[in-house]
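S.K.: okay, sequence plus prediction incoming.
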Amino acid sequence: MSETPVEYSGTGTEADPLTFSTRQSAPDQVGAVIAGLASTTKEYAAGFRANADLSGNLPADIRGIVSDASGAITGTLSTAYNARVKADSFRNDRSLYPEGRKLLAGEVVNAAIDEVTESFEHADAQIEVASALTFEAARPRISPDDAMPARADLAMMLGRHDGNPAGLGDTLKRLAQRSDGVGALVADPSYLGDVLDARGADAALREAILTIVGAEVVKAAAKSGDPKRAAAARTNLALAELRKARIAASSFTRHTLQR
């Protein structure tokens, strides 16, 4: 702990006696920033819960996955903070030899780093699973009876792009907003990938179109009248807040556990 600076004025004579005053130390700005990262993490996690639809319209397994991911992320805050407090107590324990203080503090920090790393890896995996499952639950489906005429309609709509795949993006983005048979075909990444391959799209264009179309599918589903599709879509969109929480928590734990 640093000592509070003492200042004085005067020469010490009877006419000009010494006057002492204390100057308050500047606030710990770094500590404030690090603490702010913890608050930011909690705010993003709360934003996820507020924007996702975690009602019964969302399948129970997906609710469990996103809850698990959120808990893993926010749990790293207390893991890092408690480890830092314990490590500092060892560093400040004058009853121990210096090497012993350093060793014990290091063991606490290293154990916390391992635990935090494992939590983040688990959260990352759960978020990716949740993203895939919510997309699948959000996209429209097509019945076998409607599949053949929908394929014919889609082929006709895309016919003007034969030999010119670069123009496919805008058309497919528009079709992805539909919830009929054509929209269901466009929303199926496997089927759409085959269509793009057949029309000569290169790997980069193919990936770009699949990403754009996927985003449109989710946005359209979030506004749909189907409560189950809408719940999945809103939860898929809300995962962005959970990813932001993960980034903030990573910064907090990294700075908190610095040796």
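M.R.: Sure, I can see it.

S.K.: quick check: pLDDT value at residue 11.
M.R.: For residue 11, the pLDDT comes out at 51.

S.K.: same check on the one 3 residues further on?
M.R.: The predicted local distance difference test score for residue 14 is 57.

S.K.: same question for residue 34.
M.R.: On pLDDT, residue 34 comes in at 88.

S.K.: how about the residue lying closest to it once chain neighbours are set aside, phi and psi?
M.R.: Distances taken as Cβ to Cβ, 6 or more residues apart in numbering put residue 255 closest to residue 34, at 4.9 Å, once the chain neighbours are dropped. Just so you know, the C-beta spots here come from the backbone N, C-alpha and C atoms, and that holds for glycine as well. Backbone torsions for residue 255, taken as degrees, to the nearest 10, come to phi -70, psi -40.

S.K.: burial count for residue 255?
M.R.: Each residue near residue 255 was counted by other Cβ atoms under 10 Å, and the total is 15.

S.K.: where's it relative to residue 35, distance?
M.R.: Relative to residue 35, residue 255 is positioned 10 Å away (Cβ to Cβ, to the nearest Å).

S.K.: now the helices for the stretch 1-150 of the chain?
M.R.: Using DSSP state H, counting those that start in this stretch, the helices found in the stretch 1-150 of the chain span residues 29-51, 60-91, 98-138, 144-158.

S.K.: gap between the third one and the chain center?
M.R.: Right, the one you point to is helix 98-138. In terms of Cα atoms, centre = their mean, to the nearest Å, the gap separating the centre of helix 98-138 from the centre of its chain is 14 Å.

S.K.: which strands and helices sit next to it?
M.R.: helix 60-91, helix 203-222, helix 227-256 (3 or more Cβ pairs under 8 Å, 6 or more residues apart in numbering; DSSP states H and E).

S.K.: appreciated, that's everything.
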